[in-house]
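Enquirer: Return atomic coordinates for the entry below.
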Amino acid sequence: MIEFRIDRRSGVTTYVQLVQQVKHALRLGLLGPGDRLPTAKEVVAATAINPNTVLKAYRELEREGLVEPRPGLGTFVQRSLGSPAAALNAPLRGELETWMAAARAAGLEREDVEALVKAVIDTHY
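Expert: Numbers count the residues shown, from 1 in each chain. Next up is the predicted model:
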């Protein structure tokens, strides 16, 4: 099951953070079709956010066809976004882990890495 983390300093609204985290979990294979998302009550207990925020995020995911609410049972994943190359045990992830360790050893801060990765992504996509 996914464990949500809220960054209150990010400038990204809380419901968007929840949506993004579910999508990342779907891309990485951490969540797959049939998996149940935590209930709004569970998310509220873990993150101290408003239940309506959780429900808004889940409605957005439902609108995108990624999850389906089942009354009395919870909210379940309908489809994956992942590809085998993005899985947690994929060779590309291992290469990225090695690169990240080298970047950190070179003294790059998180913001430096994010800027560098974004620049490379923008070049290739």
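Enquirer: Next, the buried residues of the helix or strand hosting Arg104.
Expert: Arg104 belongs to helix 91-105 when elements are defined using DSSP states H and E. The neighbour-count check on helix 91-105 (16 or more other CB atoms under 10 Å) flags Ala103 as buried. Glycine gets a C-beta too; all of them are placed from N, C-alpha and C.
Enquirer: what sits up against that helix?
Expert: Here helix 91-105 makes contact (CB atoms under 8 Å, 6 or more residues apart in numbering) with 85-87, 112-113, 116.
Enquirer: If we use 7 Å, what do you get?
Expert: Under the contact criterion CB atoms under 7 Å, 6 or more residues apart in numbering, helix 91-105 has outside partners 85, 113.
Enquirer: right, and the helix or strand after it?
Expert: Next in sequence after helix 91-105, counting helices and strands by DSSP H and E, comes helix 110-124.
Enquirer: pLDDT value on the nearest residue to Arg8 once chain neighbours are set aside, please?
Expert: Leaving aside its chain neighbours, Arg8 sits nearest to Thr14 (8.0 Å; criterion: CB to CB, 6 or more residues apart in numbering). pLDDT, Thr14: 97.
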